[in-house]
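S.K.: Just a sequence and a predicted model for now, questions to come.
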Amino acid sequence: MIAPDARTAVVDLCRGLVDRRLVVGTAGNVSVREGDLLAVSPSGVPYPELTPGTVGVHALDGAPVDAPLPPTSELALHVLAHSRPDARPGEVVLHTHAPASTALSTVVDEVPVTHYYAAFFGGAVRVAPYATFGTDALARAVLRALTDRTAALMANHGAVLIAPGVAGALDRAEYLEYVCDVALRALSTGRPPRTLDGAEIDRVRTALTDYGPGRGGAR
Ligand SMILES: [Zn+2]
């Protein structure tokens, strides 16, 4: 059975999304993988009422193991994200409706690399085509957008982030929103933004290894 820590982590991460203004209302959802189980935020519970006991435990295929409430409507998205070929135990999947990420998802198919923090996410963040929330079609589109990346935008909807662990996960979510906010502001000038190429992002990925979120902060 999953440790209480994973359920507590889901509650703390959900509250962190609210505190950092990355979600509104009951939007957004979180999952934490521990071994071959997932702790997943429940559907429609106001964040102030979330407790570890309301967080469901599911198998990696999404089947409930100990889930007192219905899971988030985006369970399929979490299941597929945790099933990536390079997925690891301990990973966290965060889904937000952060405003800059969401706004940018309506005007580009890929986030222009206007800031080197794109390296945190493996390079230019892709925008998964729109599909209705909670559908398998949306989950599959997001999985494709996550190829070789740890973040994706969901067109006209929000953002998804994969973090290697609970520590630093919320910081990474904020970096993603920051990267999107910078790109959005640059695009709003009407001038084509100057962007960084893949070779530079590879250099930055190497340089950031010791300075990424959860490792003492970014430069
Ligand atoms: Zn959503």
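M.R.: That came in fine, so what should we check first? Please read all numbers here as calculations on a predicted model, not as lab measurements.
S.K.: from what I can see I162 touches A151, true?
M.R.: Yes - under the contact definition of CB atoms under 8 Å, I162 touches A151, with a separation of 7.1 Å. Yep, even glycine has a C-beta here, placed from its N, CA and C like the rest.
S.K.: most distant residue from the middle of this structure?
M.R.: Distance from the centre of the chain peaks at R191, with 29.1 Å (CA atoms, centre = their mean).
S.K.: For the most centrally placed residue in the chain, what is the enclosing helix or strand?
M.R.: Taking CA atoms, centre = their mean, the centroid of the chain lies closest to L161, which sits 1.9 Å from it. Assigned by DSSP states H and E, L161 belongs to strand 158-163.
S.K.: contacting residues around that strand?
M.R.: Applying CB atoms under 8 Å, 6 or more residues apart in numbering, the external contacts of strand 158-163 come out as 27-28, 77, 81, 84, 91-98, 101-102, 105, 121, 142, 146, 150-154, 169, 172-173, 176-177, 180, 213-214.
S.K.: Between I162 and A151, point out the one with more neighbours.
M.R.: Taking neighbours as other CB atoms under 10 Å, I162 and A151 compare with A151 leading, 27 against 23.
S.K.: And that one, how close does it get to R205?
M.R.: Between A151 and R205 the computed distance is 14 Å (CB to CB, to the nearest Å).
S.K.: Over to V79?
M.R.: 28 Å.
S.K.: So the two - more neighbours on which side?
M.R.: Neighbours per residue (other CB under 10 Å) separate V79 from R205, with V79 holding more: 23 against 17.
S.K.: Give the closest residue to the more buried one in space, chain neighbours not counted.
M.R.: Of all residues beyond its chain neighbours, the one nearest V79 is G62 (4.3 Å), with distances taken as CB to CB, 6 or more residues apart in numbering.
S.K.: surely that neighbour meets L75?
M.R.: Yes - using CB under 8 Å, G62 is in contact with L75, at 5.3 Å.
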